[in-house]
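Enquirer: The sequence and its predicted three-dimensional model are supplied below.
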Amino acid sequence: MTGLGHVEPSGPPLVRDLGGDVTLTKLSVGSMDNNAYLLRAGDASLLIDAAAEPERLLATIGDQPPQAIVTTHRHADHWQALADVAASTRARLIAGRPDVDAIATGAWVEDLSGVWDGDQIDLGAQTLEVIGLVGHTPGSIALAYRDPSGTAHLFTGDSLFPGGPGKTRSPEDFSSLISDLEQKVFDRFGDDTVVYPGHGDDTTLGAERPQLAEWRKRGW
């Protein structure tokens with residue numbers, strides 16, 4: 001059974017209108033079914049997670065190179081294609097500030113800009129808000145785009161999936177992540193907010209909100 005925003009590994013991309021002249025192209029790349037997201041707004045574009053298969057990512061990008069490539073966190077499956085795509089596009093490279101050194105070293109890239117809570121990334125006439133979510137990694141980030149009509153769209157990396165938070169390695173990391181999700185995501189965004197995770201299908205905050213107490217109780 002497939003869910004919201006389903007794409008198959010090596011399958012065709014999914015294209016969606018997010019409003020405010022922003023379009024989303026989602027595709028699954030690599031052996032771990034990583035999602036890569038290309039956002040376009042007029043002549044501007046931005047790639048979220050150059051995870052794998054640089055040739056497919058570059059074919060999706062086409063003749064309009066992105067102004068920026070955002071890596072949601074330091075885990076290697078999310079930046080395997082970063083160096084190749086960066087070299088071909090000369091895009092600005094962005095990641096959560098606490099994960100910058102690990103990504104730069106692992107992916108062999110330079111000039112990686114660090115961002116955190118409250119920072120904004122331009123996408124043509126629109127902006128994306130950066131949200132720091134500590135727990136899956138120290139520098140995991142989500143990006144929030146608010147359609148001018150009111151709907152919000154959250155790109156959460158591996159910090160939030162359908163069914164719960166991303167994997168954490170200790171009770172302390174889990175407590176940090178679930179608290180950040182509650183305070184920075186669920187307390188601030190409405191139930192119609194669409195969540196685009198780092199792997200698999202999309203969801204909405206309304207579908208996930210009733211499970212918050214269960215997630216905290218189970219501890220994962």
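Expert: Done, it's in.
Enquirer: Could I get the average pLDDT for the longest helix along the chain?
Expert: Of all the segments assigned as helix in the chain under DSSP state H, the longest by residue count is helix 171-180. This predicted structure assigns helix 171-180 an average pLDDT of 98.
Enquirer: Any regions of the protein where pLDDT drops low?
Expert: Of all residues in the chain, those with pLDDT under 70 make up the ranges 1.
Enquirer: Show me what Ala44 bridges to in the sheet.
Expert: On DSSP bridges, the residues paired with Ala44 through beta bridges are Ala41.
Enquirer: pretty sure it contacts Gly124?
Expert: Yes - taking contact to mean C-beta atoms under 8 Å, the distance of 3.6 Å between Ala44 and Gly124 places them in contact. No exception for glycine: its C-beta is placed from N, CA and C like everyone else's.
Enquirer: residue contacts, the residue lying closest to Ala51 once chain neighbours are set aside?
Expert: Take Ala51 and drop its neighbours on the chain: the residue closest to it by C-beta to C-beta, 6 or more residues apart in numbering is Asn34, 3.6 Å away. By C-beta atoms under 8 Å, 6 or more residues apart in numbering, the residues touching Asn34 are Ser28, Asp49, Ala51, Ala52, Asp77, His78, Gly198, His199.
Enquirer: what about the closest residue to the last one other than its chain neighbours, distance to His6?
Expert: For His199, ignoring the flanking residues on the chain, the nearest one in space by C-beta to C-beta, 6+ apart is Asp33 at 5.3 Å. Using C-beta to C-beta, to the nearest Å, Asp33 is found at 11 Å from His6.
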